[in-house]
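> sequence and predicted structure, then a few things I'm wondering about:
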Amino acid sequence: MKKDYLKENGLKHTSGRAAILDVLEGAKGLMTAEQIHSKLKGKVHKVTLYRTLELFVKEGILYQTDLRSGQAYFELQKSHHHHIVCTECGLQEGIKGCPSSLQGEAANKSELFKEVTSHTLEFFGVCKKCSK
Ligand SMILES: [Zn+2]
Ligand SMILES: [Zn+2]
Ligand SMILES: [Zn+2]
């Protein structure tokens with residue numbers, strides 16, 4: 001059965017939100033808002049899309065990172081994971097597992113924070129094709 005991200009997070013169901021989730025469900029990896037918008041084929045206004053993406057990130061439905069590109073990339077948080085990105089061609093690979101103990105360590109080392117609630121972490125390298 002399909003996971004109901006809206007219901008689980010106590011969000012109102014709208015056709016726009018459902019359409020955005022549909023696109024994200026079908027995504028093979030991280031997508032920019034621009035890429036999501038073109039997949040929506042005019043079903044959702046750009047302003048609504050940006051607002052919805054922001055809301056989904058805040059609710060923890062989406063993972064957001066910039067991959068050092070200055071652009072925001074989004075991905076559904078089906079299972080929390082990280083990525084390696086090729087610095088030559090931009091190829092992305094999802095890597096299972098997460099050194100989540102780092103989050104606790106960061107909290108322990110912090111003087112100003114009691115709690116660390118989330119993190120973004122990406123790896124960079126040169127893919128096999130580019131290193132030939
Ligand atoms: Zn590459
Ligand atoms: Zn991923
Ligand atoms: Zn992680």
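The structure has been received and is ready for your questions. Numbering: from 1, shown residues only. Ligands and ions are numbered 1, 2, ... in the order given.

> ok, K96 to H83 distance?
11 Å (CB to CB, to the nearest Å). Yep, even glycine has a C-beta here, placed from its N, CA and C like the rest.

> in terms of neighbours, single out the busier of those two.
Counted by other CB atoms under 10 Å, K96 and H83 do not tie: H83 has more neighbours, with 20 against 8.

> would you say the more buried one is within a strand?
Yes - counting by DSSP: H, G, I helix; E, B strand; the rest coil, one finds H83 located in a strand.

> quick check: beta-bridge partners of it?
G94, E122 (DSSP bridges).

> mind listing what it touches?
By CB atoms under 8 Å, 6 or more residues apart in numbering, the residues touching H83 are 29-30, 65, 67, 92-95, 122-123.

> same check on L30?
If a contact means CB under 8 Å, 6+ apart, then L30 has 65, 67, 73-75, 83, 92 as its contacts.

> T48: what secondary structure?
T48 - assigned by three-state DSSP - is helix.

> swap that for L112, please
coil.

> dihedrals phi and psi, it?
phi -110, psi -10 (degrees, to the nearest 10).

> state the distance from it to A106.
As judged by CB to CB, L112 and A106 stand 11 Å apart.
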